[in-house]
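# need a 3D model of the sequence below.
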Amino acid sequence: MTRALPSGHRFWASARPGVATATALVAIISVAAACGDSNGENPATGISATATVEPTSGTAGGTGPAEGTNPPATANPGSRDPDPAGTSTPQGDTTADPIPATPTPLPAPIEPLTGEPLDDPSIMGRPALAVKTGTSSVGRPQTGINQADILIEVRVETITRLLAVFHSQGVEPLGPVRSARSSDPDILANFSRPVFGHSGANPGVLREVAQGEAGGKLHELRWDDLPTGYWRVRDRVPPFNLYTTTSALWKAAPSHLQAPEPLFQYRKQGDALPPAAEPVPGVEIRYLGGTIAHFVWDAEAGSWARWQDGTPHVDMARNPDGTPDPEADPVQIAPANVVVLQTRYTSSAPCPSCPQAITVDPEGGTALVFTDGHLIRGRWTRPSANRSWQVTGNDGNPVRLTPGQTFIALPGGDVLVMVESFAKNLLKKR
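Numbering: from 1, shown residues only. So this is what the prediction gives:
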């Protein structure tokens with residue numbers, strides 16, 4: 001299905017009036033800095049649950065007989081009343097036919113990466129598609145990332161980059177396209193060998209990406225593999241001017257690639273949040289290296305509006321050929337869910353000054369899931385790259401998300417829950 005831009009998301013959410021605003025953050029969820037890069041930072045140890053938070057109130061089957069297999073009841077001849085006078089009128093077989101059981105309707109199919117209704121079954125014949133894009137001030141605004149099913153933010157040097165993952169819908173154009181990093185192959189293996197579009201990398205990282213492809217983690221289609229599928233726009237400076245389209249990359253993908261498996265579970269309409277879910281107005285995410293992102297719960301829109309380094313993070317549509325569209329208005333990034341997976345970083349083997357996210361870890365780390373105006377605390381684990389992230393609440397059950405776009409943050413730095421006044425102030429000034 002075609003998902004509307006954030007202001008029109010088909011989100012169902014219990015509106016929580018009075019989404020915050022002020023000038024201070026409360027309730028530091030302390031996270032030891034995760035790292036191992038050239039700056040000599042120590043690996044993260046997770047998020048402490050002991051921080052003081054602004055007071056808030058938390059809001060089978062059986063195996064019986066198969067249908068229709070019960071034999072009709074038959075009379076016992078020895079139990080019939082005698083009719084010595086022979087006066088009874090012969091009656092036909094009065095045994096009632098069995099009433100057929102009403103079949104249980106099958107659940108409606110859903111899109112695997114959003115949990116929304118699957119309106120176009122044909123998309124299940126195509127793979128997921130991931131394209132690398134930047135988040136630095138000179139690389140913003142991006143084009144096309146609001147149409148992604150999942151956005152994943154990961155550290156690169158002192159900044160961050162996004163992996164925009166598409167399956168339910170595409171976009172034209174998409175960019176700017178940026179380079180690959182050592183973190184990418186293991187992250188992409190979550191999506192059942194997706195197509196991977198990027199602008200290149202150093203020789204060591206290119207070898208790692210090639211090894212990832214040989215290991216079934218991804219299918220690479222970088223810009224020099226597909227010269228007609230990428231181009232540069234004239235109104236932006238290199239290297240922030242490389243664009244592509246999802247249609248070009250899907251068309252070039254081999255036909256044997258399969259649709260992704262669901263990464264998360266999703267609540268159905270009317271399903272309640274778990275009892276431990278805490279109402280929160282927003283969250284601040286601090287990446288090692290300096291990037292700071294804010295997500296504020298917008299009850300009216302039913303989504304988490306995003307700020308990057310103090311300014312609204314927006315998507316700006318362009319014409320299909322990549323030229324600016326004078327009629328387009330910026331649309332703020334506002335996912336239905338924000339999933340923070342506290343992640344260790346180490347140094348990349350081919351680039352010691354480049355951080356690499358450790359996203360395969362049997363021990364995992366702290367998970368903070370922001371959905372429907374609430375925070376659900378838990379953990380993530382991933383025993384091998386052949387398996388996807390598993391996110392469970394502190395009750396041990398899988399965390400179920402709101403259908404729609406999901407933003408996954410891999411910070412390795414501190415995560416702070418906002419006080420309501422600070423969140424309200426951000427919403428007011430955007």
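# helices along the stretch 201-350 of the chain, start to end?
Secondary structure of the stretch 201-350 of the chain (DSSP state H, counting those that start in this stretch): helices at 203-214, 246-252.
# out of these, the one nearest Ile150 is which?
helix 246-252 (13.8 Å; Cβ to Cβ). C-beta: built from backbone N, CA, C; applies to glycine.
# pLDDT on stretch 276-293, on average?
Stretch 276-293 comes out with an average pLDDT of 95.
# now that stretch: buried residues?
Going by neighbour count (16 or more other Cβ atoms under 10 Å), the buried part of stretch 276-293 is 277-289, 291-293.
# what about those, which are in strands?
278-279, 282-286, 292-293 (DSSP state E).
# between these, which is nearest Ile408?
Distances from Ile408 to those, taken by Cβ to Cβ, are shortest for Ile285, at 11.1 Å.
# test my guess that that closest one contacts Ile408.
No: counting by Cβ atoms under 8 Å, Ile408 is not a contact partner of Ile285; they are 11.1 Å apart.
# pLDDT below threshold where in the stretch 51-200 of the chain?
51-98, 100 (pLDDT under 70).
# let's see it at 90
The model of the stretch 51-200 of the chain has pLDDT under 90 over residues 51-109.
# would you map the helices across it?
Using DSSP H, counting those that start in this stretch, helices in the stretch 51-200 of the chain cover 184-188.
# please work out how many residues are found near Pro324.
15 (other Cβ atoms under 10 Å).
# one more: the one 5 residues further on?
As a burial measure, the neighbour count of Asp329 was computed by other Cβ under 10 Å and equals 9.
# from His313, how far off is it?
To His313, Asp329 is 15 Å away according to Cβ to Cβ, to the nearest Å.
# try Arg222
26 Å.
# again with Asp395
33 Å.
# these two - which one has more neighbours?
Using other Cβ under 10 Å, the more surrounded residue of Asp395 and His313 is His313, with 21 against 12.
# residues touching the more buried one, list them.
His313 sits next to 135, 140-141, 293, 306-307, 332-333 when contact means Cβ atoms under 8 Å, 6 or more residues apart in numbering.
# quick check: phi and psi at it.
Backbone torsions for His313, taken as degrees, to the nearest 10, come to phi -90, psi 110.
# coming back round to it: of all the contacts of His313, which two lie farthest apart?
Checking the contacts of His313 with Cβ to Cβ, the most distant pair is Pro141 and Ala293, at 15.0 Å.
# any common contacting residues for Ile285 and Ile408?
In contact with both Ile285 and Ile408: Val340, using Cβ under 8 Å, 6+ apart.
# distance across stretch 210-221, terminal residue to terminal residue?
11 Å (Cα to Cα, to the nearest Å).
# before we move on, what about stretch 389-409?
End-to-end for stretch 389-409, by Cα to Cα: 13 Å.
# same check on stretch 105-125?
End-to-end distance of stretch 105-125: 24 Å, with Cα to Cα as the criterion.
# repeat for stretch 235-249
End to end - Cα to Cα - stretch 235-249 spans 23 Å.
# and the top strand by length along the chain, what does it pack onto?
Longest strand in the chain, counting residues (DSSP E): strand 361-371. When contacts are defined as 3 or more Cβ pairs under 8 Å, 6 or more residues apart in numbering; DSSP states H and E, strand 361-371 packs onto strand 337-341, strand 374-382, strand 390-393.
# could you list the residues in contact with the helix or strand following the shortest one?
Sequence-wise, the next helix or strand beyond strand 390-393 is strand 400-401, with elements assigned using DSSP states H and E. Outside of strand 400-401, the residues that reach it under the criterion Cβ under 8 Å, 6+ apart are 115, 264-267, 271, 336-337, 339, 369, 371.
# so Tyr266 sits against Val399, correct?
No: at 10.2 Å, Tyr266 does not count as touching Val399 under the criterion of Cβ under 8 Å.
# neighbour count: the two, which is higher?
Neighbours per residue, other Cβ under 10 Å: of Tyr266 and Val399, the larger number sits with Val399, 27 against 20.
# contacting residues for that one?
So Val399 contacts 264-265, 367, 369, 371, 376, 378, 391-393 (Cβ under 8 Å, 6+ apart).
# try it again at 10 Å.
264-265, 267, 273-274, 277, 337, 339, 367-369, 371, 376-380, 390-393 (Cβ atoms under 10 Å, 6 or more residues apart in numbering).
# how about Met124?
Listed by Cβ under 10 Å, 6+ apart, the contact set of Met124 reads 109, 111-112, 118, 167, 258-260.
# pull up the gap between the residue lying closest to Glu111 once chain neighbours are set aside and Pro262, please.
Setting aside the residues directly before and after it, Glu111 is nearest to Ser168 in space (Cβ to Cβ, 6 or more residues apart in numbering), at 4.3 Å. Separation of Ser168 from Pro262 (Cβ to Cβ) stands at 12 Å.
# ok, these two, which is more surrounded?
Between Ser168 and Pro262, Ser168 has the larger neighbour count (other Cβ under 10 Å), namely 23 against 13.
# so Gln308 makes contact with Asp315?
No: here Gln308 does not reach Asp315: they are 11.8 Å apart, not a contact under Cβ atoms under 10 Å.
# so which of the helices of the stretch 201-350 of the chain is the most packed in?
Highest mean neighbour count of the helices of the stretch 201-350 of the chain: helix 246-252, a mean of 18 (counted as mean count of other Cβ atoms under 10 Å).
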